[in-house]
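>>> only geometry, no sequence info:
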């Protein structure tokens, strides 16, 4: 059974940092790519923010490039999202998802339950 469990969310002041974790089970990094998404209050879920694949460099959307870093620990089957210089507009529920990579990013097949990130001004 495939499972994704996010953790690490919380409340932080603008300019601060958080590290989110996505613990995966039921598959390995060789099977699927893992991406991070977010959904702000009252808004639709955004396109993928960043993607981790074991065989190529990570992908970052322009909105987070230079501030967010995605990485993976194969031994722990866990992907991390280091978020620095956070802004109030980063406030959202953050989700990790696993699925096959596609030209435009990732085709999510499995989702975690989400973790809340709140950035105060």
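Good, I have the coordinates. Quantities reported herein were computed from a predicted structural model and do not represent experimental measurements.

>>> middle-most residue in this structure, spatially?
Nearest to the mean C-alpha position of the chain, counting by CA atoms, centre = their mean, stands residue 36 at 2.5 Å.

>>> quick check: that residue touching residue 90?
No - between residue 36 and residue 90 there is no contact under CB atoms under 8 Å: 11.7 Å. The way it works is simple: take the backbone N, C-alpha and C, and place the C-beta from them, glycine included.

>>> so who does the residue nearest to the centre of the chain touch?
Residues in contact with residue 36, defined by CB atoms under 8 Å, 6 or more residues apart in numbering, are 20, 22, 48-50, 68, 70, 79, 81, 94-97.

>>> which two from these end up farthest apart in space?
Using CB to CB, these span at most 15.6 Å, a distance reached by 68 and 97.

>>> quick one: contacts for residue 103?
By CB under 8 Å, 6+ apart, the contact list for residue 103 is empty.

>>> with the one 4 residues further on instead?
If a contact means CB under 8 Å, 6+ apart, then residue 107 has 99, 100, 101 as its contacts.

>>> tally of neighbours for the second one?
In other words, residue 100. Residue neighbour count, defined by other CB atoms under 10 Å, stands at 11 for residue 100.

>>> what does residue 109 give?
What residue 109 shows, counting by other CB under 10 Å, is a neighbour count of 12.

>>> quick check: closest non-adjacent residue to it.
Sequence neighbours aside, residue 99 is the residue nearest to residue 109 in space, at 4.0 Å (criterion: CB to CB, 6 or more residues apart in numbering).

>>> how close does residue 49 sit to residue 15?
19 Å (CB to CB, to the nearest Å).

>>> these two: which is more packed in?
Neighbour tally, residue 49 and residue 15, criterion other CB under 10 Å: the higher count belongs to residue 49, 24 against 11.

>>> distance between stretch 41-61 and the chain's centre?
Centroid separation for stretch 41-61 versus its chain: 6 Å, with CA atoms, centre = their mean, to the nearest Å.

>>> check which residues of that stretch are buried.
Buried residues in stretch 41-61, defined by neighbour count with 16 or more other CB atoms under 10 Å: 48, 49, 50, 51, 52, 53, 58, 59, 60, 61.
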